[in-house]
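**Q** would you be able to build a 3D model of this:
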Amino acid sequence: MTDQPVDLDKHRGMVAQKATDLRRALSEVETHLRELREREADLENRMMTVPAASWREAAVKARHLLNLYAASLPAEDTRHRALVAALFDDFARLGGEC
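**A** Next comes the predicted model:
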């Protein structure tokens, strides 16, 4: 008997190894997505409960909301995408980069 663990991946065929690698990668991506959603929910809860102390802070909240809106737009909706981009330009011009 040996104290060294056996690397089972070496005993699998190439197809099985690739399938295992894909499952591991998918599991890692799902974990990161779940953590990202949790952090985003925490950020949004803080944005809702803590009032902005300046126009700059209000613009940061608006930028986040506009990014969510823009992400939901269909690719062919160039008019609204251009409007969001113009508003971001206005934020940068009027208040510094937010």
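
**Q** so which residue is smack in the middle of the chain?
**A** L36 (6.0 Å; Cα atoms, centre = their mean).

**Q** which strand or helix spans it?
**A** Using DSSP states H and E, L36 sits in helix 14-49.

**Q** just how off-centre is that helix within its chain?
**A** 10 Å (Cα atoms, centre = their mean, to the nearest Å).

**Q** ok, now how distant is the residue nearest to the centre of the chain from R12?
**A** Separation of L36 from R12 (Cβ to Cβ, to the nearest Å): 32 Å. Using the backbone N, CA and C atoms, a C-beta is placed for each residue, glycine as well.

**Q** what of M48?
**A** 49 Å.

**Q** compare neighbour counts for these two and give me the winner.
**A** R12 (13 against 9; other Cβ atoms under 10 Å).

**Q** just give me the neighbour total for the closest residue in space to that one that isn't next to it in sequence.
**A** Closest residue to R12 apart from its sequence neighbours, by Cβ to Cβ, 6 or more residues apart in numbering: T20 at 7.0 Å. The number of residues packed near T20 is 13, by other Cβ under 10 Å.

**Q** and stretch 53-71, C-alpha only, in CSV?
**A** These are the backbone C-alpha positions of stretch 53-71, laid out as CSV (Å, rounded to 0.1, in the frame of the first residue of the first chain):
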residue,chain,number,x,y,z
ALA,A,53,-24.1,62.5,-0.5
SER,A,54,-23.3,64.3,-3.8
TRP,A,55,-24.3,64.5,-7.4
ARG,A,56,-21.3,62.4,-8.2
GLU,A,57,-22.5,59.6,-6.0
ALA,A,58,-26.0,59.8,-7.5
ALA,A,59,-24.4,59.6,-11.0
VAL,A,60,-22.5,56.4,-9.9
LYS,A,61,-25.9,54.9,-9.0
ALA,A,62,-27.4,56.1,-12.3
ARG,A,63,-24.5,54.6,-14.2
HIS,A,64,-25.0,51.2,-12.6
LEU,A,65,-28.7,51.3,-13.4
LEU,A,66,-28.1,52.4,-17.0
ASN,A,67,-25.6,49.6,-17.5
LEU,A,68,-28.2,47.1,-16.4
TYR,A,69,-30.7,48.7,-18.8
ALA,A,70,-28.3,48.7,-21.7
ALA,A,71,-27.4,45.1,-21.1
